[in-house]
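S.K.: compute the structure for the input listed below.
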Amino acid sequence: MDPLNVTSAITGIIAAATQVSNLLRQIKDAPESITAVLTEMEYIKIIFLSLRRFLERATQLPGERAALIQLEDVVVVVTQTVLVFSELEALLSPISKGKKTSYMVRLTWTRIQGGAIRLVNQLQRHKISLTLLLQIIQW
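M.R.: Predicted coordinates:
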């Protein structure tokens, strides 16, 4: 995967995080677990925006600094994140397509909450990996 494809994937992840956030914000009197997912989506956007800025500036960094992060390492984390977001969007599809009444959304959330939290935990691990990669370059 070349840097342009990585940047496109990152833009897709940011868009997916925004879409998930917008969907979950519509839930009135949301349970705490939804608030936790929303918070994580904001953190994901921050990290991936930082990663995109890094990749855009990577050609301007001194060679020894840019060499601290291998593009292949970034590709692995980005690819895994895309897969998790695909699964998360599929899991949330009943909320986006179903009736928007508070009762029905809460009922649906109760059914999918465990899977959503599992996926958010995976996203947190990917976010931590990217955070570490970005900290290495700033070191």
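S.K.: now the spatially most central residue of the chain: which helix or strand?
M.R.: In the chain, the residue lying closest to the centroid (CA atoms, centre = their mean) is residue 44, at 4.4 Å. Counting by DSSP states H and E, the element that carries residue 44 is helix 32-57.
S.K.: swap in residue 134?
M.R.: If you go by DSSP H and E, residue 134 is part of helix 102-138.
S.K.: what does residue 14 give?
M.R.: For residue 14, the host element (DSSP H and E) is helix 3-25.
S.K.: identify all contacting residues around that helix.
M.R.: With contact meaning CB atoms under 8 Å, 6 or more residues apart in numbering, helix 3-25 is reached by 1, 30, 34, 37-38, 41-42, 44-45, 48-49, 51-52, 55-56, 58, 71, 74-75, 78-79, 81-82, 85, 88-89, 92, 95-96. Bear in mind the C-beta positions are built from the backbone N, C-alpha and C, glycine included.
S.K.: now that helix: mean pLDDT?
M.R.: Mean per-residue pLDDT for helix 3-25: 89.
S.K.: please apply the same query to stretch 91-104.
M.R.: For stretch 91-104, mean pLDDT is 77.
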